[in-house]
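Peer 1: Kindly return the folded structure for what I paste below:
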Amino acid sequence: MSNPKAMNLRFPDPAQRAAIEAAAKQEGVSLQEYILSAAYARATAVEERFLDAFGESMSRSSDAFAEAAGTVDPGAQQRTADLEARRSLEQQERGHAA
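Peer 2: Numbering: from 1, shown residues only. So this is what the prediction gives:
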């Protein structure tokens with residue numbers, strides 16, 4: 001198994017590289033490890049924000065559907081009237097077909 005190659009870290013701004021190196025040294029880790037940890041932390045934060053927003057959206061949708069269900073669901077009398085109307089239409093169609 002070959003040894004992993006070091007990351008090629010190029011910084012167009014020498015001051016930026018120096019600041020990151022100083023932060024890595026303060027944390028007691030290599031420059032590569034510091035950058036990878038920072039990238040992982042940022043990706044994790046983005047994921048957490050997405051999941052939080054998704055959870056809030058699901059909650060709002062659930063609440064909206066729950067409210068709408070009460071207004072959409074017909075009562076027993078309405079369902080009976082709908083069934084009778086359907087049967088009446090079906091009988092009329094059968095009469096016209098004959």
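
Peer 1: Buried residues in the one helix or strand A19 maps to, which are they?
Peer 2: According to DSSP states H and E, A19 maps onto helix 14-27. Neighbour-count burial for helix 14-27, counted by 16 or more other Cβ atoms under 10 Å, picks out 20, 24. Any C-beta I mention is one placed from the backbone N, CA and C, and that applies to glycine too.

Peer 1: ok, residues contacting stretch 21-31?
Peer 2: By Cβ atoms under 8 Å, 6 or more residues apart in numbering, the residues outside stretch 21-31 that reach it are 9, 20, 33-35, 37.

Peer 1: Tell me the one among the residues you listed nearest to E93.
Peer 2: Distances from those to E93 were compared by Cβ to Cβ; the smallest belongs to S37, at 72.0 Å.

Peer 1: avg pLDDT for the helix holding A19?
Peer 2: Across helix 14-27, pLDDT averages out at 92.

Peer 1: The residue nearest to the spatial centre of the chain and V29, how far apart?
Peer 2: Among the residues of the chain, F54 comes closest to the average C-alpha position under Cα atoms, centre = their mean, at 4.2 Å. Relative to V29, F54 is positioned 33 Å away (Cβ to Cβ, to the nearest Å).

Peer 1: same question, S57
Peer 2: S57 sits at a distance of 37 Å from V29 (criterion: Cβ to Cβ).

Peer 1: can you state the direction angle for the helix ranked longest in the chain and helix 14-27?
Peer 2: Selection of the longest helix in the chain by residue count, based on DSSP state H, yields helix 31-72. Between helix 31-72 and helix 14-27, the angle comes out at 90 degrees (axes from the mean of the first three to the mean of the last three Cα atoms, to 10 degrees).
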